[in-house]
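Undergrad: take this sequence and fold it.
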Amino acid sequence: QVQLVESGGGLVQAGGSLRLSCAASGRTYGNSAMGWFRQAPGKERQFVATILLGGGSTHYADSMEDRFTISRDNAKNTVYLQMNKLKPEDTAVYYCAIRLNSDGAYYTGRPDYQYWGQGTQVTVSS
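TA: Numbering: from 1, shown residues only. So this is what the prediction gives:
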């Protein structure tokens, strides 16, 4: 069993920055992958970025990489999402998720991840 707790969301003006954190507890593995997704009201949950906990390699959704950066601190069992130059359309609930025993591939689908956090709200005002 793995528990994930997101934090760092809030209200920010357009052009501002936020850093989200996702702390994992329980049995995680070095070959796991963690991802960030977001869901705006009335829309489906959307992939944002993923990171392989072992090697630290990353993969982003199109148009995210220029403003968002995913990183991890394995000693703290924490993954971060640095978001810069935020836009009103970035407003959503942001979720982190973990895929245990990932095989080194990048996974971008919601069913690919076994455990999810409760989400943290990010609101970007214009």
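Undergrad: residue ranges for the strands of this structure, please.
TA: Counting by DSSP state E, the chain forms strands over residues 2-7, 10-13, 18-26, 33-39, 46-52, 58-60, 68-73, 78-83, 92-99, 115-116, 120-125, given from the N-terminal end onward.
Undergrad: want to throw those into CSV with mean pLDDT, distance to residue 107 and mean neighbour count?
TA: Where you see a C-beta, it was placed from the backbone N, CA and C, and this is true even at glycine. What follows is these, written out as CSV (pLDDT from 0 to 100; distance: least, Cβ to Cβ, whole Å; neighbours: other Cβ atoms under 10 Å):
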stretch, mean pLDDT, distance to residue 107, mean neighbour count
strand 2-7, 96, 16, 17
strand 10-13, 98, 28, 13
strand 18-26, 95, 16, 18
strand 33-39, 97, 6, 24
strand 46-52, 97, 6, 22
strand 58-60, 97, 9, 18
strand 68-73, 96, 13, 18
strand 78-83, 97, 14, 22
strand 92-99, 97, 6, 23
strand 115-116, 97, 13, 18
strand 120-125, 98, 21, 17
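Undergrad: quick one: residues contacting the spatially closest residue to residue 81 that is not a sequence neighbour.
TA: Distances taken as Cβ to Cβ, 6 or more residues apart in numbering put residue 20 closest to residue 81, at 4.3 Å, once the chain neighbours are dropped. When the contact criterion is Cβ atoms under 8 Å, 6 or more residues apart in numbering, the partners of residue 20 are 6-9, 36, 80-81, 83, 94, 96, 120, 122.
Undergrad: what's the closest non-adjacent residue to the residue nearest the centre of the chain?
TA: Against the mean C-alpha coordinate of the chain, by Cα atoms, centre = their mean, the closest residue is residue 36 at 2.1 Å. By the measure of Cβ to Cβ, 6+ apart, the closest residue to residue 36 outside its immediate chain neighbours is residue 48, 4.2 Å from it.
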